[in-house]
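In: missing the sequence, but the structure's below:
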């Protein structure tokens, strides 16, 4: 695994190179603009389905996937 500093640098580079495509959902929400997460939910479903397949090197148990979804829901609901 990469050291934290390298991961942060990689993330910063990604954000700088893709800033024109990154949507500021908080700003959209503040101005009452519509926020669509359908594409994110679809991508998550695809990743989840792939990770639950037993032939994958990295796989999640149903319990692990459930706990991840519960944690993510709490974050999104600001709990």
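Out: Ah, there it is. Everything numeric here is computed off the predicted structure, so don't read it as measured data.
In: And this protein, what are its domain boundaries?
Out: As given by automatic domain parsing, the domain ranges for the chain are 1-35, 36-79.
In: Before we move on, what's the pLDDT of residue 73?
Out: pLDDT, the model's per-residue confidence, is 83 for residue 73.
In: Please, which helix or strand holds it?
Out: In the assignment (DSSP states H and E), residue 73 maps to helix 62-76.
In: Mind listing residues that contact that helix?
Out: With contact meaning C-beta atoms under 8 Å, 6 or more residues apart in numbering, helix 62-76 is reached by 48, 51, 52, 60. All C-beta atoms are positioned from the backbone trio N, CA, C, and that covers glycine.
In: Helices - which of those land there?
Out: 48, 51 (DSSP state H).
In: among the contacts of helix 62-76, who's most crowded?
Out: The residue in the contacts of helix 62-76 with the most neighbours, by other C-beta atoms under 10 Å, is residue 60 (17 neighbours).
In: Contacts only, for that residue.
Out: Neighbouring residues of residue 60 by C-beta under 8 Å, 6+ apart: 48, 51, 52, 68.
In: Give me the distance between the last one and residue 43.
Out: With distances taken as C-beta to C-beta, to the nearest Å, residue 68 is found 14 Å from residue 43.
In: Output the below-cut-off pLDDT ranges for the chain.
Out: Residues of the chain meeting the criterion pLDDT under 70: 1, 53-59.
In: Any chance of JSON lines for the contacts of helix 62-76, columns distance to residue 39?
Out: Compiled in JSON lines, the contacts of helix 62-76 are given as follows (distance: C-beta to C-beta, whole Å):
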{"residue": "48", "distance to residue 39": "15"}
{"residue": "51", "distance to residue 39": "19"}
{"residue": "52", "distance to residue 39": "21"}
{"residue": "60", "distance to residue 39": "21"}
